[in-house]
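Student: sequence and predicted structure, then a few things I'm wondering about:
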Amino acid sequence: MEIGRALKELTASGGYPRPMSELSRSEAVERVERLVDTVERERMPVPVREVWVYGDVALGLDPVERLDVYLTKDVLLDGEADRTEEFRAEYGVEGVGKTVRADWAAEHPEFLRANAGGYAAPEQCLGAHLLADDEPVHLEVCNAGFEDNVTQRLEGALARETYENVLDPRGACLWVEGRRSDEAFEKLREGEYVFPTLSGALEMLGADESEADRAADVVREYRASQEGATVRGDIV
């Protein structure tokens, strides 16, 4: 049985002894290891190039209130557009074979998700495949790498004062194009990464002190308001 599906069935059957409102650091690291295993072993709705974690687990906190994961995806180039009509008729979803792989959708129709316009949404499909609904996990999905997107998101948030869109830059790369970093996982387990405060990290990226403080406060408030598994898609 696929790891993603097994996890969902475990959750539905009461396999977890308590509501997953938070995770110990060891649980958080184990959870992201399973996520990387899934990305490595199973067909994803779109190609995945990088897996990062950031925030609490990268900071070595224990417990981890929310596990923040960042996936870098590639644009789907090997689509099967001739199957679009089939999925539109059966599931009411457009774009299968163009925005997500048609063979993946045929194997995992239970994970097929659409955006408000009715088109298959890669980030939502990834979230459905990789996460259980009640997990305290946030998934960021973007076509750009983590480091590039951190800068882009900060610039946009400062310009528009949409501070909740800031991406916490304190992250660790765990997997790139099929290569897993055992060293990064060990550092996560031991809490060995050393990072500044969030406001300090944002100042290092170009925000002035008052902007960095305000942005950090808004990010913390926004994050605290989230419950269960959440997914955000971004295009740069």
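Tutor: Now that the structure is in, tell me what you want to look at. Numbering: from 1, shown residues only.
Student: centre-most residue in this protein?
Tutor: Centroid-nearest residue in the chain: Leu139, 2.1 Å away (criterion: Cα atoms, centre = their mean).
Student: which residues pair with that one across the strands?
Tutor: Beta-bridge partners for Leu139, by DSSP bridges, are Val69, Val231.
Student: what comes up buried for the host helix or strand of Leu202?
Tutor: If you go by DSSP states H and E, Leu202 is part of helix 198-204. By 16 or more other Cβ atoms under 10 Å, the buried positions in helix 198-204 come out as 198-199, 201-203. Just so you know, the C-beta spots here come from the backbone N, C-alpha and C atoms, and that holds for glycine as well.
Student: export the residues you listed as TSV, with columns for pLDDT.
Tutor: Shown next, in TSV, are these (pLDDT from 0 to 100):
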residue	pLDDT
Leu198	97
Ser199	97
Ala201	97
Leu202	97
Glu203	97
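Student: and the furthest pair within those residues?
Tutor: Spanning the widest gap among the buried residues of helix 198-204 are Leu198 and Glu203, at 9.8 Å by Cβ to Cβ.
Student: contact partners of the helix holding Leu202?
Tutor: Here helix 198-204 makes contact (Cβ atoms under 8 Å, 6 or more residues apart in numbering) with 154, 166, 168-170, 195-196, 209, 211-213, 215-216, 219-220.
Student: mind doing that once more with 10 Å?
Tutor: 55, 59, 150, 154, 157-158, 163, 166, 168-171, 195-197, 207-217, 219-220 (Cβ atoms under 10 Å, 6 or more residues apart in numbering).
Student: of those residues, which belong to strands?
Tutor: Using DSSP state E, the members of the contacts of helix 198-204 that fall in strands are Gly171.
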